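Engineer: Here's a sequence, model it:
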Amino acid sequence: MENIISMTTDGASVMKKAGKISGLMYQLCLAHGLQLAVNKVLYRKITSNISRTEEEIINFSNDEEEEDYSTGLEVIPESETTSEIRNNEMNVLICKVRMIVNLYRRSSLRNDNLQKHMKDEFGKELTLHRDCKTRWNSLLTMLERFNEAKNPILKSLIDIKSETNINNVELDKISEIVLALQPVKVAVEALCREDINLYTADVTLKFLLDELSKQSSFLARELKEEIIIRIKERRTVYFDVINYLNDPDAINEFDEYGIFNLTSKTTIMAKIIEITKPVFLRDENYVISEPKDKEDDEMKVVKILSLEEKLNLAIEAKTLKTNYKNKADKSLEDINSVIHSEMSYFALEKSRGKYLNIAFQYLMTCRPTSVESERAFSSAGQICIKFRSSLKDESIDMICFMRAYFNAQK
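Structural biologist: Sure, this is the predicted structure:
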């Protein structure tokens, strides 16, 4: 366990329990958190306690204020009832788009009519896509294609005399949904990259919230609020620690979302000590209590070194012996003073000392998502197929390792 830095899992209860009892840096998958936020906003059930027809819900404007003439009170658009109406409005609109898509996917004659208008508009055929609830980005794909091909769709609906129609107001709202979902898609793709770490994940989340804040649509506001809730659930103190180790002035930056830069300098120092203390103790033991039976091996290693390397090795050994105290004199105050000195120097010179750099390297290995392990499962599934069903565990392990190695070499 001393050699394991962190543990990253999805949000299953059994995995949360394993993370808590492991005693490691435990991180919940951020990509899964965004998935839950989008699903909650986009796939809410249409409430039945609001006495409005489908047409009234769809035509309810995002900027409209409604008056209750029975009481003479004005209903604010941010109220719970109005929020439900707007959610229903969006859900009804998405259902209507889905109905139109199904209209063409289930009939080759209607689709032929649509493709004729597609060729006139774009010079080629474009197929409409259908979304899937377990893949929210498929909803964005469906709406993007629908928004792109809105003119051919409107012409085709007139030709086939469809009872389901769509107007310009609804098309504008589809464009708003697409604009709100595009930054979420970009952020999720960035979080799922192989080279993602805690620092770049934090930058990605800030970028996502900034992009949603620039939009005035109801969906963008709903997404931002829900994503902030999910980030608060999954963002740990180690994000602030790595931000500090990258830039000591980061803890003073203003945060308008109330989720970043919340950790005090004292807590950051305590976490750095927690991370580096095992290394600090191992370094001292290695220098002071060096085994005698390894002297011959070390002499053999020295013989094949160049003169410059020998000199550097001698200087380094001398420096280590003079800088570190004996194990008998060690106490918790020693590492506290070392880390405090390095943090003071870091604040002035913007250069990390030995143990701050070790903490930074440790934190850089932490994964903000569990996507990489999912990739390992997928690659093993592609290898262990019915034509190779008798592979031993060791063979599958070695093939997966070689596959990852050669992909890294590319």
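
Engineer: Contact partners for Asp131?
Structural biologist: By Cβ atoms under 8 Å, 6 or more residues apart in numbering, the contact set of Asp131 is 98, 138-139, 141-142. To be clear about C-beta, it is placed using only N, CA and C from the backbone, and glycine gets the same treatment.

Engineer: Please apply the same query to Cys400.
Structural biologist: 376, 379-380, 383.

Engineer: run the last query once more with 10 Å
Structural biologist: 376-377, 379-380, 382-384 (Cβ atoms under 10 Å, 6 or more residues apart in numbering).

Engineer: What of Ile196?
Structural biologist: Ile196 makes contact with 30-31, 190, 204, 367-369, 371-372 under the criterion Cβ under 10 Å, 6+ apart.

Engineer: re the thing from before, counting only helices, which of the contacts of Cys400 make the cut?
Structural biologist: Among the contacts of Cys400, the members falling in helices (DSSP state H) are 376-377, 379-380, 382-383.

Engineer: Among those, the buried ones, what's the PyMOL command?
Structural biologist: To isolate the buried members of the ones in helices among the contacts of Cys400 in PyMOL, using 16 or more other Cβ atoms under 10 Å:
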select buried, resi 379
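
Engineer: ok, the ones in helices among the contacts of Cys400 vs Glu170, which is closest?
Structural biologist: Distances from Glu170 to these, taken as Cβ to Cβ, are shortest for Phe377 (40.9 Å).

Engineer: how about the closest one, what does it touch?
Structural biologist: Contacts of Phe377 (Cβ under 10 Å, 6+ apart): Cys400.

Engineer: Distance from the helix or strand containing Arg110 to the middle of the chain?
Structural biologist: If you go by DSSP states H and E, Arg110 is part of helix 108-122. From the chain centre to the centre of helix 108-122 is a distance of 39 Å (Cα atoms, centre = their mean, to the nearest Å).

Engineer: Equivalent analysis for stretch 167-174, please.
Structural biologist: Worked out by Cα atoms, centre = their mean, stretch 167-174 lies 31 Å from the chain centre.

Engineer: for stretch 118-137, same thing?
Structural biologist: 27 Å.

Engineer: Then stretch 218-227?
Structural biologist: Per Cα atoms, centre = their mean, the centroid offset for stretch 218-227 relative to its chain is 16 Å.

Engineer: Test my guess that Ile4 contacts Tyr26.
Structural biologist: No - Ile4 is beyond contact range of Tyr26, at 11.3 Å (criterion: Cβ atoms under 10 Å).

Engineer: More neighbours: those two, which one.
Structural biologist: A direct count of neighbours by other Cβ atoms under 10 Å for Ile4 and Tyr26 places Tyr26 higher, at 19 against 10.

Engineer: quick one on the thing from earlier: looking at the contacts of Asp131, which two lie furthest apart in space?
Structural biologist: Spanning the widest gap among these are Arg98 and Thr141, at 12.6 Å by Cβ to Cβ.

Engineer: which residues do these two both contact?
Structural biologist: 130-131.

Engineer: circling back: buried sites along the helix holding Arg110?
Structural biologist: 110-111, 113-115, 117-118.

Engineer: do stretch 161-171 as well
Structural biologist: For stretch 161-171, burial by neighbour count (16+ other Cβ under 10 Å) applies to 162, 166, 170-171.

Engineer: sorry, back to before: and the contacts of Asp131, which is closest to Gln215?
Structural biologist: For those, the closest approach to Gln215 (Cβ to Cβ) belongs to Leu139, at 17.3 Å.

Engineer: Residues contacting the particular helix or strand that has the closest one in it from elsewhere in the structure, which ones?
Structural biologist: Leu139 is part of helix 137-148 when elements are defined by DSSP H and E. Helix 137-148 is contacted from outside by 35, 38-39, 42-43, 93-94, 97-98, 100-101, 121-122, 126-133, 135, 153, 166, 171-172, 174-175, 177-182, 184-185, 188-189, using Cβ under 10 Å, 6+ apart.

Engineer: go on, stretch 155-166?
Structural biologist: With Cβ under 10 Å, 6+ apart as the test, stretch 155-166 has contacts from 58, 93, 96-97, 99-100, 102-104, 107, 109-118, 120-121, 146, 149-150, 153-154, 174.

Engineer: can you rerun that using 7 Å?
Structural biologist: 96, 99-100, 103, 110, 113-114, 117 (Cβ atoms under 7 Å, 6 or more residues apart in numbering).

Engineer: first vs last residue of that stretch, how far apart are they?
Structural biologist: Across stretch 155-166, the terminal residues are separated by 11 Å (Cα to Cα, to the nearest Å).

Engineer: how far does it sit from the chain's center?
Structural biologist: 41 Å.

Engineer: next one: stretch 33-41
Structural biologist: On Cα atoms, centre = their mean, the centre of stretch 33-41 falls 12 Å from the chain's centre.

Engineer: Let me see the residues that make contact with that stretch.
Structural biologist: Contact with stretch 33-41 is made by 136, 184, 187-188, 222-223, 226-227, 230-231, 233-234, as judged by Cβ under 7 Å, 6+ apart.

Engineer: circling back to that earlier point, which ones among the buried residues of stretch 161-171 lie within helices?
Structural biologist: Counted as lying in helices by DSSP H, out of the buried residues of stretch 161-171, are 170-171.

Engineer: Dump the buried residues of stretch 161-171 into a markdown table; add pLDDT and distance to Asn261 as well.
Structural biologist: Converted to a markdown table, the buried residues of stretch 161-171 look like this (pLDDT from 0 to 100; distance: Cβ to Cβ, whole Å):
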| residue | pLDDT | distance to Asn261 |
| --- | --- | --- |
| Ser162 | 85 | 53 |
| Ile166 | 86 | 45 |
| Glu170 | 90 | 41 |
| Leu171 | 90 | 41 |
